[in-house]
Structures are given as C-alpha cells and as structure tokens.
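[1] can you look at this prediction? I've put the sequence above it.
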Amino acid sequence: MSHQYDELKKSLLADGVIDAAEVASLRAKLFADGVIDQEEADLVFELNDATSGAKNDPSWQTLFVDAISAYLLADGVVDDKEAKWLLAHIEKDGEYDQNEKALIMNLKAKAKSLSPKLKGKL
C-alpha cells in the first residue's frame with residue numbers, strides 16, 4: 001500500500017469507527033479521478049474488516065458498496081480474476097458481514113454477468 005493510503009488508513013482507524021465526516025473525506029479522495037483502482041479497493045476492504053461490528057456511520061456501507069462495485073464493475077462484468085480477488089477479501093477475516101452482503105446484492109443486481117466462481121459461494 002502506498003504511503004498516502006497507509007497514513008489515511010491509520011488516521012481513519014485511530015478511533016476504530018468510521019464516522020460521517022471520514023466517509024465524506026474518503027469518498028472525495030477515492031473518487032477524485034473517477035476510477036477505483038485495486039489499491040483503493042484493497043484499502044476499502046481493509047477498513048471494512050478492521051471496523052466490522054463497530055458503530056460506523058450508515059454512509060460507510062454505501063461507500064463500501066459503491067467503491068468495490070465501481071472497481072469490480074468497471075466493465076460491467078465480474079470475471080474469474082475479480083471473483084477470486086473478491087472471495088479472498090470476503091473470506092480473509094472469516095466473517096461475511098452486512099456490508100459484504102449488501103455488496104453482493106448490488107453486484108448481482110448490476111453486473112452483466114458474474115463469474116461461475118461466485119455461484120454457490122455467496
């Protein structure tokens with residue numbers, strides 16, 4: 001992870017909760033160039049794993065779903081490589097939390113197609 005995102009992650013996780021102001025700031029940074037790249041998507045998943053179960057602002061779930069969906073659906077399809085990345089992140093902490101469930105629902109609704117690797121897994 002780049003130094004820029006490492007510092008941002010430390011700052012956001014300092015109190016263990018992601019509040020509305022932090023979500024707004026993070027959204028502005030992530031979407032500044034109009035594209036979510038893998039490093040940014042990795043950061044969003046790391047933040048989600050670190051704060052799962054915390055009393056995060058409800059806007060955190062929206063940002064999580066928006067950012068990961070933007071990364072995975074840039075071409076409208078979740079291919080095998082992207083499915084492998086997604087499953088690795090979801091399974092990493094051994095928890096399938098509410099944000100990840102909302103993400104999957106969004107991907108199922110918006111993707112032109114989903115990799116067979118995801119069928120039956122989620």
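    Received the coordinates, thanks.

[2] quick check: Lys81 vs Ala24, distance?
    Lys81 sits 31 Å away from Ala24, going by CB to CB, to the nearest Å. From N, CA and C alone the C-beta is placed, and that goes for glycine too.

[3] between those two, who's got more neighbours?
    Neighbour totals were compared for Lys81 and Ala24, and Ala24 leads with 13 against 10 (other CB atoms under 10 Å).

[4] look up phi and psi at Ile36.
    Dihedral pair for Ile36: phi -100, psi 120, per degrees, to the nearest 10.

[5] same check, this time on Ala70
    When read as degrees, to the nearest 10, the backbone of Ala70 gives phi -60, psi -40.

[6] flag every buried residue along stretch 6-23.
    8-9, 12-13, 18, 22-23 (16 or more other CB atoms under 10 Å).

[7] compute the first-to-last residue distance for it.
    Stretch 6-23 has an end-to-end distance of 16 Å (CA to CA, to the nearest Å).

[8] repeat that for stretch 72-87.
    First-to-last distance for stretch 72-87 - CA to CA - comes to 12 Å.

[9] quick check: buried residues in stretch 82-94?
    82-83, 85-86, 89-90.

[10] out of the residues you listed, which sit inside helices?
    82-83, 85-86, 89-90 (DSSP state H).

[11] separation between Leu63 and Lys84?
    In terms of CB to CB, Leu63 sits 24 Å off from Lys84.

[12] can you spell out which helices and strands pack onto the lowest-mean-pLDDT helix or strand in the chain?
    Within the chain, confidence by mean pLDDT, DSSP states H and E is lowest for helix 3-13 among all helices and strands, at a mean of 87. On a contact count with 3 or more CB pairs under 8 Å, 6 or more residues apart in numbering; DSSP states H and E, helix 3-13 meets helix 20-30, helix 38-51.

[13] for the ones you listed, give me CSV that also has mean pLDDT and distance to Lys117.
    Listed next are those as CSV, based on pLDDT from 0 to 100; distance: least, CB to CB, whole Å:
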stretch, mean pLDDT, distance to Lys117
helix 20-30, 96, 26
helix 38-51, 96, 17
